[in-house]
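Undergrad: Kindly return the folded structure for what I paste below:
(4 chains)
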2 protein chains.
Amino acid sequence: MPKSPKRERYHHGELKEAVLDTAIELIGERGMAGFSLAEVSRRLGVTVAAPYRHFADRDEVLAGLALRAVDELSGVLRAQAADSLPPRHRLAAAARAFVRFAAEHRSLYQVLVASGLDKSRHAELRDAGGRIGAAFLDPALVVCGGDAQAAQRLVTAVVATAQGYAGMLLDGSFGQDGQAVEAAALQAAHAVLALVLGRDALTGPAAG
Amino acid sequence: MPKSPKRERYHHGELKEAVLDTAIELIGERGMAGFSLAEVSRRLGVTVAAPYRHFADRDEVLAGLALRAVDELSGVLRAQAADSLPPRHRLAAAARAFVRFAAEHRSLYQVLVASGLDKSRHAELRDAGGRIGAAFLDPALVVCGGDAQAAQRLVTAVVATAQGYAGMLLDGSFGQDGQAVEAAALQAAHAVLALVLGRDALTGPAAG
DNA sequence: GTCTATACTGGGATAGAC
DNA sequence: GTCTATCCCAGTATAGAC
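TA: Got it, this is the predicted structure:
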């Protein structure tokens, strides 16, 4: 008895991208724990074995999503950090954009931070953190007067702050309503500003 | 042919705690993704159905672990925040302790932030974030001159920072060697100090 | 009240046919 | 490039032994 697939079948080499698209969709609906290659296959109208022609295993699908996430997020961040504002405000704007990204692309962001993926086992992801951080580096260098080591520590602090606010936003610490995203994003930006000003106070003429 | 269990069987009502202990052990070895009730049962020498006498489902086991994590973490934080140092240093010390806790009790911490558990569905965990934040509240209130709303925002910033550094530490951004933990913990403490000083600069010292 | 035996469901993965 | 068939493992549920 013939099957009646809900969608056209993928016989023409588009399955790889289709799997990634559908995986994002599925994670959006059911969260990371609800992701399965079997369900993705079902939605695409192919058998569960088909995706294995394009991905070695389930983790490689997640790695593909993580790569998309890094690409998109670092693009957004670079756009903010290249603005014409003073450097501390560019850092703050990038942190705000980071938090918004986590909210607007929740599935992608969760793959990045909560997939349980061992990033060191996937070459494309081995420098994921570096690529995110690099987006903050230029304004950080200006803030630090060219001191590369200080700038790197500042980048780490800004990324940690953004990541922290994003995490709290996603697990509901800012509430569930529409205002939550903007509240978290603004507070993250504000915290980054405080961080930069406080750094000046700690390393400036008065303190050591 | 009779089974030959590796350990004594649990016939005397200790299975619940034993399941939690073994779950921590297992997550420590294989990470969150490698956790399964079946493997826990196997290690304890009971059948896979036995834990269901004590836990409604897998999520309830994770919720039990998350509860342990919140209890232990908030205890550690309260101890730091109740020290006799100036309030901004108590906040910094608590942030440092937070990062150390994440490293030293990696399994517990991961359950808290990356289990995919819907915390709002488990009554005991509904105020997990609040209990963590409460540990920071006293020194934050002093820093903010008694302004409760400002103190709450400062607590959020400090928790976000600590959580951010902990997350970056656990996914290898600080490297894999023994120094990584202390580097992350110290930088987190330093960032919190900068945060407090920068807050003063933004709002005026001792003002609301 | 605690655990065992067992049966069902569903996901991950592979071999070989078309 | 995909399908069929198959295997193994994990989670869920329940009847019954002790």
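Undergrad: got the domain boundaries for chain A?
TA: Chain A breaks down into these domains under automatic domain parsing: A:15-53, A:66-203.
Undergrad: residues touching the nearest residue to A:Leu85 once chain neighbours are set aside, list them.
TA: Using CB to CB, 6 or more residues apart in numbering or on different chains and skipping residues adjacent in sequence, the residue nearest A:Leu85 is A:Ala93, 6.8 Å away. Every C-beta, even on glycine, is put in place using the N, C-alpha and C of the backbone. Listed by CB atoms under 8 Å, 6 or more residues apart in numbering or on different chains, the contact partners of A:Ala93 are A:80-81, A:83, A:85, A:189.
Undergrad: Deepest in the core, which of the domains of chain A is it.
TA: domain A:66-203 (a mean of 20; mean count of other CB atoms under 10 Å in any protein chain shown).
Undergrad: Tell me how far it lies from the chain's centre.
TA: 9 Å (CA atoms, centre = their mean, to the nearest Å).
Undergrad: do that domain and DNA strand C meet at all?
TA: No: Domain A:66-203 lies out of reach of DNA strand C by CB under 7 Å from any atom of the strand, never closer than 12.0 Å.
Undergrad: That domain near DNA strand D at all?
TA: No: Domain A:66-203 lies apart from DNA strand D when judged by CB under 7 Å from any atom of the strand; the minimum separation is 13.7 Å.
Undergrad: Check which helix or strand the residue positioned nearest the centre of chain A maps to.
TA: Residue closest to the average C-alpha location in chain A (CA atoms, centre = their mean): A:Tyr109, at 4.1 Å. Here A:Tyr109 sits within helix A:106-114, counting by DSSP states H and E.
Undergrad: Which element is encountered next along the chain beyond that helix?
TA: As assigned by DSSP H and E, the chain's next helix or strand after helix A:106-114 is helix A:128-143.
Undergrad: quick check: angle from that next one to helix A:106-114?
TA: Angle between the axes of helix A:128-143 and helix A:106-114 is 90 degrees (criterion: axes from the mean of the first three to the mean of the last three CA atoms, to 10 degrees).
Undergrad: mean confidence score for helix A:128-143?
TA: Averaging pLDDT along helix A:128-143 yields 96.
Undergrad: other SSEs contacting the next helix-or-strand element following it?
TA: Next along the chain after helix A:128-143, taking DSSP H and E as the criterion, comes helix A:148-170. Under the contact definition 3 or more CB pairs under 8 Å, 6 or more residues apart in numbering or on different chains; DSSP states H and E, helix A:148-170 sits against helix A:87-104, helix A:106-114, helix A:128-143, helix A:179-203, helix B:148-170, helix B:179-203.
Undergrad: now stretch A:62-70, how far from the chain's geometric center?
TA: Centre-to-centre, stretch A:62-70 and its host chain are 9 Å apart (CA atoms, centre = their mean).
Undergrad: Which residue comes closest to A:Tyr109 once chain neighbours are left out?
TA: A:Ala102 (4.3 Å).
Undergrad: Tell me who's in contact with that neighbour.
TA: A:Ala102 touches A:109, A:166, A:169-170, counting by CB under 8 Å, 6+ apart.
Undergrad: picking that back up, flag the least confident of the contacts of A:Ala93.
TA: Out of these, that is A:Asp83, at 77.
Undergrad: quick one: it from DNA strand C, how far?
TA: For A:Asp83, the distance to DNA strand C (CB to the nearest atom of the strand, to the nearest Å) stands at 42 Å.
Undergrad: same question, A:Arg126
TA: 20 Å.
Undergrad: Next, the angle helix B:148-170 makes with the helix holding A:Tyr109.
TA: 60 degrees.
Undergrad: hmm, who's touching helix A:106-114?
TA: A:24-25, A:27-28, A:31-32, A:62, A:65-66, A:68-70, A:72-73, A:101-102, A:117, A:128, A:163, A:166-167, A:170, B:113-114, B:116, B:167, B:171.
Undergrad: cool, stretch A:57-76 as well?
TA: By CB under 8 Å, 6+ apart, the residues outside stretch A:57-76 that reach it are A:16, A:19-20, A:23-24, A:27, A:35-37, A:40, A:51, A:55, A:97-98, A:101, A:105, A:107-109, A:111-112, A:115, A:117-119, A:121-122, A:124-125, A:128, A:131-132, A:134-135.
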